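*Asks:* below is the sequence, then the predicted model.
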Amino acid sequence: MDLHGKKVLVIGTGISGIGAVKLLDFAGAAPVLYDENKKLEEAVIRNKLPEGINAEIVIGSLPKELEEEIVLVVPSPGVPADTAFIEGFRERGIPVWGEIELAYTYAKGKLIAITGTNGKTTTTSLVGQIMEEYYESVYIVGNIGNPYTEIASETKEDTITVAEISSFQLETTHTFKPQVSAILNVTPDHLDRHYTMENYAAVKERIAGNQTKDDVCVLNYENEYTKNFGSVCPAQVIFFSSARKLERGIYLEGEDIYIAGIGDAQDDRRKIMTVHDMNLVGLCNVENVMAAIAIALSIQVPLENILSTVKHFKAVAHRIEFVATKNGVDYYNDSKGTNPDAAIQGIRAMSKPTVLIGGGYDKHSEYDEWIEAFDGKVKCFVLIGQTADKIEKCAVKHGIGNIIRANSFDEALKVCTREAEAGDAVLLSPACASWGMFSNYEVRGNMFKDYVNSL
């Protein structure tokens, strides 16, 4: 689409919206940055834009005459793609591209795209580090916090871009086609936005929808949705498994990781490392590592280089992140455990009696499987936020005792230090989003770390 001189509506004034405006300016378009929040000030938004970008800024309602000039709509990921406002443009034949689609249109080089309900930030960070230590021109972008649109114009033919892609971002892709994609898992999450698991899984599968047999898709054999997708995926499929031996793929057997039928093990299988060779903890992170190895092999990084990076890679912030030991108590920040399946991985990684902080914004999740995974480890369950009542009822149903409700996050932290004894662990792994109490999970996790480090 030739956008030169044409008006493109960018919805949302966060980092995704600002990134989209910058790329549209580079493309010669006339971006219109729009936000319906009347409390925003144009001067504040203008200050977010680089000098020299004269985007039109509209706050509140969009004038009808301006709306009729729009040739493309670019909503930020936080804006549901099925709102009446956006549907009105679609009905008039105006295309709707997310910022990922926009960036992909102008980017060069090879693209690795990683999605999944859980593990995508850790896997993206690890793959990104592997690439940075082997290739010269590498960018790590997407849901990890760096908008793809920010760097798309800087990419070259030899660039490797590693992108963490959320379901919200995949909703508005069309031609998006990575050379290597990965779906780590699909478990219940964001049903307040996608409504059903079938819808949610279908959105995740869009990451590979335009791929061909010249491309690769890395999938989890132990997840029902990703395993089933393997039979219809248009790309070459490489599975990883934490529970069984594979004829082709990467798998865990005991404490050893094997590779079979790919890379240097094209005709056989061989052990490549043990779980004790890595700094990450928990079965979820073993799966993330196996996925990262498969991805990196698919982009022609030698196995010895991959393993070297894996062995010195440390956990990303907010994902089963060890913070400190204070008075004999180990503190772990798993603030990115924003849904029950992620929180299951968090509690499974604990090997000591655990004081657990849970609760937050209600994404219409169910909590039975999470609480069943406590497996006698949780000595005190501290609940906060909108979902506290729902989670408490579920916990009581499953026979969990010593449940304490806290009226604030600060109060919850004080309860934890009171209840934990030397030899215990304190784990922030809420199984819920942070919205309502915090602007994002990073703020929640950083507050937890600040509190622990001040003890």
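*Replies:* On my side now, so go ahead.
*Asks:* start to end distance for stretch 169-178?
*Replies:* 14 Å (Cα to Cα, to the nearest Å).
*Asks:* per-residue pLDDT of Arg193, please?
*Replies:* For Arg193, the pLDDT comes out at 63.
*Asks:* likewise Lys108?
*Replies:* Lys108 is given a pLDDT of 98.
*Asks:* cool, and Ile347?
*Replies:* 94.
*Asks:* which helix in the protein runs the most residues?
*Replies:* helix 283-298 (DSSP state H).
*Asks:* who does the following helix or strand past that one touch, helix- and strand-wise?
*Replies:* Following helix 283-298 in sequence order, the next helix or strand is helix 303-312 (DSSP states H and E). Helix 303-312 sits against helix 120-132, strand 269-274, helix 283-298, with contacts defined as 3 or more Cβ pairs under 8 Å, 6 or more residues apart in numbering; DSSP states H and E. In this view, the C-beta of every residue, glycine as well, is placed from N, C-alpha and C.
*Asks:* could you point out which element follows helix 303-312?
*Replies:* Helix 303-312 is succeeded, C-terminally, by strand 321-326 (DSSP H and E).
*Asks:* now for the very next helix or strand once past that next one, which elements pack on it?
*Replies:* Remark: after strand 321-326, the chain's next helix or strand is strand 329-333, criterion DSSP H and E. Here strand 329-333 touches strand 321-326, strand 425-428, helix 441-454, going by 3+ Cβ pairs under 8 Å, 6+ apart.
*Asks:* that older thread, quick check: angle from the longest helix of the chain to helix 303-312?
*Replies:* For helix 283-298 against helix 303-312, the angle by axes from the mean of the first three to the mean of the last three Cα atoms, to 10 degrees is 150 degrees.
*Asks:* care to break this structure down by domain?
*Replies:* 7-96, 100-312, 321-454 (automatic domain parsing).
*Asks:* contacting residues for Ile70?
*Replies:* By Cβ atoms under 8 Å, 6 or more residues apart in numbering, Ile70 lies in contact with 7-9, 32, 89, 94.
*Asks:* keep only those of those residues that are in helices.
*Replies:* Filtering the contacts of Ile70 for helices - DSSP H - leaves Phe89.
*Asks:* nearest to Asp368, of the contacts of Ile70?
*Replies:* Nearest to Asp368 among these, counting by Cβ to Cβ, is Phe89 at 40.8 Å.
*Asks:* buried ones in the one helix or strand Cys416 maps to?
*Replies:* Cys416 is part of helix 409-419 when elements are defined by DSSP H and E. The neighbour-count check on helix 409-419 (16 or more other Cβ atoms under 10 Å) flags 409, 412-413, 415-417, 419 as buried.
*Asks:* next one: stretch 297-310
*Replies:* 297-299, 301, 303, 306-307, 309-310.
*Asks:* now render these as CSV, adding pLDDT.
*Replies:* Below are those laid out as CSV (pLDDT from 0 to 100):
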residue, pLDDT
Leu297, 96
Ser298, 96
Ile299, 96
Val301, 96
Leu303, 95
Ile306, 97
Leu307, 97
Thr309, 97
Val310, 97
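*Asks:* just send those residues back as CSV, with distance to Thr123 too.
*Replies:* Compiled in CSV, those are given as follows (distance: Cβ to Cβ, whole Å):
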residue, distance to Thr123
Leu297, 14
Ser298, 13
Ile299, 14
Val301, 15
Leu303, 17
Ile306, 13
Leu307, 16
Thr309, 13
Val310, 11
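*Asks:* from these, which is closest to Met273?
*Replies:* Leu307 (5.8 Å).
*Asks:* so that closest one touches Ile272, yeah?
*Replies:* Yes - between Leu307 and Ile272 a contact is recorded at 6.4 Å, counting by Cβ atoms under 8 Å.
*Asks:* common neighbours of these two, please.
*Replies:* Ile293.
*Asks:* wouldn't Leu356 be in contact with Ile384 here?
*Replies:* No - judged on Cβ under 8 Å, Leu356 makes no contact with Ile384 at a distance of 11.3 Å.
*Asks:* now the common contact residues for these two.
*Replies:* Contacts common to Leu356 and Ile384, judged by Cβ under 8 Å, 6+ apart, are absent.
*Asks:* what about Leu102, neighbour count?
*Replies:* 28 (other Cβ atoms under 10 Å).
*Asks:* looking at it now. What's its pLDDT?
*Replies:* Taking Leu102 on its own, its pLDDT is 96.
*Asks:* that one touches Glu150, doesn't it?
*Replies:* No - Leu102 lies out of contact with Glu150 (Cβ under 8 Å); the separation is 11.4 Å.
*Asks:* how about Lys449, what does it touch?
*Replies:* Lys449 neighbours (Cβ under 8 Å, 6+ apart): 321, 323, 333.
*Asks:* what's the answer for Glu136, then?
*Replies:* Asp158.
*Asks:* quick one: which helix or strand includes it?
*Replies:* Using DSSP H and E, Glu136 is not contained in any helix or strand.
*Asks:* how about Phe85?
*Replies:* Assigned by DSSP H and E, Phe85 falls within helix 84-91.
*Asks:* Glu369 too?
*Replies:* helix 368-372.
*Asks:* still on that earlier bit, just among the contacts of Lys449, which is most surrounded?
*Replies:* Asn333 leads the contacts of Lys449 on contacts (other Cβ under 10 Å) with 28 neighbours.
*Asks:* from the contacts of Lys449, pick the one nearest Asn185.
*Replies:* Nearest member of those to Asn185, counting by Cβ to Cβ, is Glu321, at 20.0 Å.
*Asks:* mind checking pLDDT for the closest one?
*Replies:* 90.
*Asks:* now do the same contact list for it.
*Replies:* 315, 332-334, 445, 449.
*Asks:* 7 Å instead, please
*Replies:* When contacts are counted by Cβ atoms under 7 Å, 6 or more residues apart in numbering, Glu321 touches 315, 332-333.
*Asks:* cool, and Pro31?
*Replies:* Taking Cβ under 7 Å, 6+ apart as the test, what Pro31 contacts is 8, 10, 21, 24-25, 55.
*Asks:* any idea how far it is from Phe168?
*Replies:* Pro31 is 21 Å from Phe168, where distance means Cβ to Cβ, to the nearest Å.
*Asks:* ok so, going back, winner for burial among the helices and strands packed on strand 329-333?
*Replies:* Counting by mean count of other Cβ atoms under 10 Å, strand 425-428 has the highest mean neighbour count of those, with a mean of 27.
*Asks:* now that strand - C-alpha only, CSV.
*Replies:* Taking C-alpha atoms only, strand 425-428 is exported to CSV below (Å, rounded to 0.1, in the frame of the first residue of the first chain):
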residue,chain,number,x,y,z
ALA,A,425,10.4,-19.2,50.4
VAL,A,426,8.2,-16.2,49.6
LEU,A,427,6.8,-16.2,46.1
LEU,A,428,5.0,-13.4,44.3
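*Asks:* sounds good, over and out.
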